[in-house]
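**Student:** Sharing a model that was predicted from the sequence below.
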Amino acid sequence: MIHDRSIETAMANSADWLHSGPGLAPRIAWAFNTDAELSSLSMARETGDLFAVDSFGGLYRLNQLGRIQTLSRGLKNARLLRWSDSGNVGVAVCGTHEFCALDERMQVVWSSESPTVVLTAAIDPYGHNIALGLNSGENVLLSIDRRKLQQFKSAQPLKFLDFCVDKQRLCGAAEYGHLCVHRFDGTEVWSEKIWSTVGDLSITEGIRSIYLAGFAHGVQCFDHRGNTRTSFVVEGTPAKVSASYFGERLVVATVERHLYWLDADGALLWAAETPDDVVSLVCDPLGEWLVVGFASGRILRLDWETARPDR
């Protein structure tokens, strides 16, 4: 059976699905379509620019109004894109082993190949350092000019990595069973056993809160010491999660195509059933809006600033 993406793209073009669940529905502030299926999204929090990469290697830089600032092509097999908060440099993972640094024009500055599979990559907020999580369990810290700064091994291969904004630390999670924080020199600050498969990781300022999309275990929240703070149970199987900078808002997408907008206590503010699979979520640092990227290539900014109560 051939899956017709055009049907789901047409559904995503409509705003009716925003009113398919409870709560105050947002408005569509802007919409954008990539030329091929969406692979990954990332945002520069200082500039508000959004970066996207599609399955044909198209790279897009969109401003806060959803307008193209820069378009680049030819980044083949890109599957993960991460960008610095300053907006001046990014990192992409292509295929299984290749990774590259990108400048503000989204041109490849340098590329390299890992001897083992690259599971994930992260870039610090200032664009100074890149971190790679490898399938071997090794984790590599590089300077943006390609110098190797550190290499350390974690108890399990880290599929998710993120830099702490105001400390020289990395927060990481394995696909199953392991959550940890390491200093830049590789020293483990703490690690915790977790009893769920992880689909996504999002951290707030100072790693004060760590959110995991825990599939069958809901959304799990840990504090900066790795202690379990709480868990949010939503209908469905959480696969994507993104938190605002201080954790006032949280957006969650499930395998069953449910989208949830929650406050810091996990209270439901809005929910809807999405017309397509969600590939990436980006929560505004101030918690006023979100960007959702669908598999079809449809990207929407959903804004509550001028939203009206449900009809």
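**Tutor:** Yep, it's here. Predicted, not measured: the structure shown is a model, and the values here were computed from it.
**Student:** Run through this structure and note the low-pLDDT ranges.
**Tutor:** Scanning the chain with the threshold set as pLDDT under 70 gives 1-13, 306-311.
**Student:** one more time with 80, if that's ok
**Tutor:** Low-confidence segments of the chain (pLDDT under 80): 1-14, 166-167, 305-311.
**Student:** Would you map the helices across it?
**Tutor:** Shown for the chain, the helices assigned by DSSP state H span residues 5-13.
**Student:** Quick check: can you list the domain ranges of it?
**Tutor:** With domains defined by automatic domain parsing, the chain comprises 1-37+209-311, 38-195.
**Student:** Export those to CSV and append columns for mean neighbour count and distance to Leu201.
**Tutor:** C-beta coordinates here come from the backbone N, C-alpha and C atoms, glycine included. Formatted as CSV, the domains of the chain follow (neighbours: other C-beta atoms under 10 Å; distance: least, C-beta to C-beta, whole Å):
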stretch, mean neighbour count, distance to Leu201
domain 1-37+209-311, 18, 6
domain 38-195, 18, 4
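**Student:** can you pull the contacts of the closest residue to Trp304 other than its chain neighbours?
**Tutor:** Spatial nearest neighbour of Trp304, excluding adjacent residues (C-beta to C-beta, 6 or more residues apart in numbering): Pro26 at 5.0 Å. Residues counted as contacts of Pro26 (C-beta atoms under 8 Å, 6 or more residues apart in numbering) are Leu18, Trp261, Trp270, Trp289, Leu290, Leu302, Asp303, Trp304, Ala307.
**Student:** Pull the most distant pair out of the residues you listed.
**Tutor:** Greatest spatial distance in the contacts of Pro26: Leu18 and Trp289, 13.0 Å, computed using C-beta to C-beta.
**Student:** Find the residues that touch each one of the two.
**Tutor:** With C-beta under 8 Å, 6+ apart, Leu18 and Trp289 have common neighbours Pro26, Leu302.
**Student:** and the closest residue to Thr47 other than its chain neighbours, backbone torsions?
**Tutor:** Once flanking residues are discounted, Thr47 sits nearest to Gly87: 4.2 Å by C-beta to C-beta, 6+ apart. Note on Gly87: its backbone torsions stand at phi 80, psi 10 [degrees, to the nearest 10].
**Student:** Hmm, Gly87 is touching Asp49, no?
**Tutor:** Yes: look at Gly87 against Asp49 with C-beta atoms under 8 Å: they come within range, at 5.3 Å.
**Student:** who does Met43 bridge with?
**Tutor:** Assessed by DSSP bridges, Met43 has beta-bridge partners Leu50.
**Student:** picking up where we left off before, export the domains of the chain as a markdown table, with columns for distance to Ile203.
**Tutor:** As requested, the domains of the chain are exported to a markdown table (distance: least, C-beta to C-beta, whole Å):
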| stretch | distance to Ile203 |
| --- | --- |
| domain 1-37+209-311 | 5 |
| domain 38-195 | 5 |
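**Student:** Now do the same contact list for Met186.
**Tutor:** Just so we're on the same page, residue 186 is Gly rather than Met. Asn139, Leu141, Gln150, Gln151, Phe152.
**Student:** Now for the nearest residue to the third one once chain neighbours are set aside: which residues touch it?
**Tutor:** In other words, Gln150. Once flanking residues are discounted, Gln150 sits nearest to Leu141: 4.3 Å by C-beta to C-beta, 6+ apart. Going by C-beta under 8 Å, 6+ apart, Leu141 touches Asn129, Ile130, Ala131, Lys148, Leu149, Gln150, Gln151, Leu170, Phe184, Gly186.
**Student:** Show me which of these is closest to Ala243.
**Tutor:** Leu170 (17.2 Å).
**Student:** List the contacts of that closest one.
**Tutor:** Ala122, Ala131, Asn139, Leu141, Leu161, Asp162, Phe163, Cys164, Val181, His182, Arg183, Phe184.
**Student:** Just give the nearest non-adjacent residue to the second one, would you?
**Tutor:** Counting by C-beta to C-beta, 6+ apart, the nearest residue to Ala131 once its immediate chain neighbours are dropped is Ala122, at 4.6 Å.
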